[in-house]
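Asks: Just the structure for this:
(4 chains)
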Protein chains: 2
Amino acid sequence: MGSKRRQVIDVTAVAERLHSAAIHLLRRVRTEDVASGLSPARLSALSVIVFAGPITVSDLAQAEQIRPPTASRLAKELEGQGLLRRTPDANDGRVQWLRATKAGRRLLESGRARRVAKLAEALGQLPAAERRLLAQAAGVLDRVSRGEP
Amino acid sequence: MGSKRRQVIDVTAVAERLHSAAIHLLRRVRTEDVASGLSPARLSALSVIVFAGPITVSDLAQAEQIRPPTASRLAKELEGQGLLRRTPDANDGRVQWLRATKAGRRLLESGRARRVAKLAEALGQLPAAERRLLAQAAGVLDRVSRGEP
DNA sequence: GATAATAGTTAGTTTGGCTAACGAAATGAT
DNA sequence: ATCATTTCGTTAGCCAAACTAACTATTATC
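Replies: Next up, the predicted model:
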């Protein structure tokens, strides 16, 4: 039947639009990040630590798709800025747990709020029907983007 | 009335989910990029040149949110790899037009196809209703992400 | 207990950003 | 018409952020 084939084509077309949208969306909101005073690399690492932390250096590297030495260095720098603290694991003397300090969480949250506000402003200018459509789709998209079932 | 306020809250919540989705989506598909053999910076620049090109060095810098010297260097490197060629402007002796070669377009397109395929695979596993929802929303999201009316 | 594997760091290199300063071309004012 | 200003791109030189290779310390395995 043709229906199977049509469906495959559609999914690819949707994937293309979502991919393009993600690129342009982040490119736009990224302009707000200078206000944080943190470099992109540190900001991104801090984000993982805040949302996925407490986390080990290795897992930070994996999440950020960087090598352990780079993660180690970033952690040291963020620690030096008082944005995270490390605590040794109780059972395994090799692992270091990284967790954001209050200052780290505050700094990240304010930056994220600026990004979101910029995006929200754009959404606010949409016709109501499109806004509703995106509201419905946002949850699904967030789930599938994380690779959740 | 409460309705205005409710709406604002909703838009922010939607923006948060879309922002999160975009981050995780790109983080996932990015893993495919090693296969291209190009560094992230070059790949991203090439992408702009393919899709927004022919383009000048200045405009490339603006699109990529980098400084002209960095754009100039990236262009030189991509040219050296045979992925773009530059042609002087007919009327303005200062400007250089950058356009992708066939090899550049092919390389970028295969990489993009890998990314999109990975995303499409995830979409294919969604229930039909959610897939339809995303199909409807994708176009709107792409538009708003680019800042178009 | 010797050996292998794992977590993190150190050392050294490469890549990719930046600013400052420049030459060449275009634009504008007098 | 000429001189000053602006714009486009590049060069030079610097710093941040990535990598690999190699190391230490610890844990796991045989």
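Asks: for chain A, which spans come out with low pLDDT?
Replies: Low-confidence segments of chain A, defined by pLDDT under 70: A:1-9.
Asks: Can you list the residue ranges for strands in it?
Replies: For chain A, the strands defined by DSSP state E occupy A:55-56, A:84-88, A:96-100.
Asks: Please name every helix or strand in contact with the first one.
Replies: Secondary structure elements in contact with strand A:55-56, counted by 3 or more Cβ pairs under 8 Å, 6 or more residues apart in numbering or on different chains; DSSP states H and E, are strand A:96-100. All C-beta spots, glycine's among them, are computed from the backbone N, C-alpha and C.
Asks: Just checking the strand it packs on against DNA strand D, any contact.
Replies: No: against DNA strand D, strand A:96-100 shows no contacts by Cβ under 7 Å from any atom of the strand, the least distance being 11.1 Å.
Asks: Turn the strands of chain A into JSON lines, including mean neighbour count.
Replies: Putting the strands of chain A into JSON lines (neighbours: other Cβ atoms under 10 Å in any protein chain shown) gives the following:
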{"stretch": "strand A:55-56", "mean neighbour count": "22"}
{"stretch": "strand A:84-88", "mean neighbour count": "16"}
{"stretch": "strand A:96-100", "mean neighbour count": "20"}
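Asks: closest to DNA strand C out of those strands?
Replies: DNA strand C lies closest to strand A:55-56 among these, at 3.5 Å (Cβ to the nearest atom of the strand).
Asks: could you measure A:Q81 against A:S72, distance?
Replies: According to Cβ to Cβ, to the nearest Å, A:Q81 and A:S72 sit 15 Å apart.
Asks: And A:S58, by the same measure?
Replies: 9 Å.
Asks: same check, this time on A:I55
Replies: 13 Å.
Asks: Likewise for A:L25?
Replies: 31 Å.
Asks: for A:A61, same thing?
Replies: 8 Å.
Asks: Equivalent analysis for A:R146, please.
Replies: From A:R146 to A:S72 the distance is 26 Å (Cβ to Cβ).
Asks: wouldn't A:A120 be in contact with B:V11 here?
Replies: Yes: if you go by Cβ atoms under 8 Å, A:A120 and B:V11 touch, sitting 4.7 Å apart.
Asks: Quick one: the helices in chain A, in order.
Replies: Remark: helices assigned in chain A by DSSP state H are A:2-29, A:40-52, A:57-64, A:68-80, A:102-124, A:128-145.
Asks: Count the residues that sit near A:A52.
Replies: Using other Cβ atoms under 10 Å in any protein chain shown, the number of residues around A:A52 comes to 12.
Asks: Give me the nearest residue to it, chain neighbours excluded.
Replies: A:A63 (6.0 Å; Cβ to Cβ, 6 or more residues apart in numbering or on different chains).
Asks: For chain A, which residues are neighbours of DNA strand C?
Replies: Going by Cβ under 7 Å from any atom of the strand, the residues of chain A near DNA strand C are A:56-59, A:68-69, A:71-73, A:75-76, A:86, A:92, A:94-96.
Asks: Contact partners for the closest residue to A:S72 other than its chain neighbours?
Replies: Of all residues not flanking A:S72 in the chain, A:V57 sits nearest, at 5.5 Å (Cβ to Cβ, 6+ apart). A:V57 sits next to A:68, A:71-72, A:75, A:95-96, A:98 when contact means Cβ atoms under 8 Å, 6 or more residues apart in numbering or on different chains.
Asks: Give me the buried entries from the residues you listed.
Replies: A:71-72, A:75, A:96, A:98 (16 or more other Cβ atoms under 10 Å in any protein chain shown).
Asks: what about stretch A:142-149 and chain B, any contact?
Replies: Yes: shown here: stretch A:142-149 in contact with chain B (Cβ under 8 Å from any Cβ of the partner chain) through A:142, A:144-147.
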